[in-house]
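J.: Any chance you can model this:
(2 chains)
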Amino acid sequence: QSALTQPASVSGSPGQSITISCTGTSSDVGSYYLVSWYQQHPGKAPKLIIYEGSKRPSGVSNRFSGSKSGNTASLTISGLQAEDEADYYCCSYAGSTTWVFGGGTKLTVL
Amino acid sequence: QITLKESGPTQVIPTQTLTLTCTFSGFSLSTSGVSVGWIRQPPGKALEWLALIYWDDDKRYSPSLKSRLTVTKDTSKNQVVLTMTNMDPVDTATYYCAHLYVSGSCFDYWGQGTLVTVSS
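T.: You can find the predicted model right below:
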């Protein structure tokens, strides 16, 4: 059960869109539409922003969207804002009632 | 409103056993479909799923840590307890407990986390 692969860092200017990828295997991301995404600001607990691949919890901005193709899931943030600067983690159900997280991506808003 | 809070020692000595308690409110672990998980995060590193306990006392563990982990619940106290044996400095991390969404797809509510340092 290896960690999902995410880019270490991405950056974008205010107003732009960015996409963070999350690559797994046919045993996790590829087999289940149960990918979730979390936003984590420094010193804070992770916050759920996308679940079941593309659903947004109540209160989460519609600037956040998720998708999946094959073994790779993606998080897109449109209309970047300064407050979006944070670490982002993907998570996938991995079968046998286990879960696996990604290595995390640091988003810098230029 | 669902809330969770972790408590336990801030420092443990190598080879000792760590015991952490998650106290929650806003849901009951005696309700069908409800479960609570544990996730940790070493300083500056990624999240790692550790364990999960279901309302029916079924338990699941990370394959890589299974031999060292035990999770239990006290429904009357609204608490979940995680024990990890043979602690090592590499186990230094912030430990979080979290509520598993009813579909099992994600952890929708998280505690604030508690930093545990393993050092002699």
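
J.: Tell me which residues of stretch B:53-68 come out buried.
T.: Applying a neighbour-count criterion of 16 or more other CB atoms under 10 Å in any protein chain shown, one finds B:53-55, B:59-62, B:65, B:68 buried in stretch B:53-68. The way it works is simple: take the backbone N, C-alpha and C, and place the C-beta from them, glycine included.

J.: Can you tell me which residue of chain B sits closest to chain A?
T.: B:C106 (3.5 Å; CB to the nearest CB).

J.: Report the contact partners of the residue of chain A most remote from its centre.
T.: Using CA atoms, centre = their mean, the residue of chain A lying farthest from its centre is A:S96. It sits 22.2 Å away. The contact partners of A:S96, taken as CB atoms under 8 Å, 6 or more residues apart in numbering or on different chains, are B:R60.

J.: Pull the number of nearby residues for the residue lying closest to the residue of chain B closest to chain A once chain neighbours are set aside.
T.: The spatially closest residue to B:C106, leaving aside those adjacent along the chain, is A:S36, at 3.5 Å (CB to CB, 6 or more residues apart in numbering or on different chains). Using other CB atoms under 10 Å in any protein chain shown, A:S36 has 28 other residues around it.

J.: again, but for the one 10 residues further on
T.: Other residues within reach of A:P46, judged by other CB under 10 Å, total 26.

J.: cool, B:T72 as well?
T.: B:T72: 12 neighbours (other CB under 10 Å).

J.: And A:T76, by the same measure?
T.: Around A:T76 there are 14 residues (other CB under 10 Å).

J.: Also the one 10 residues further on?
T.: Residues lying near A:A86 (other CB under 10 Å) number 20.

J.: Retrieve the pLDDT associated with it.
T.: The per-residue pLDDT reported for A:A86 equals 97.
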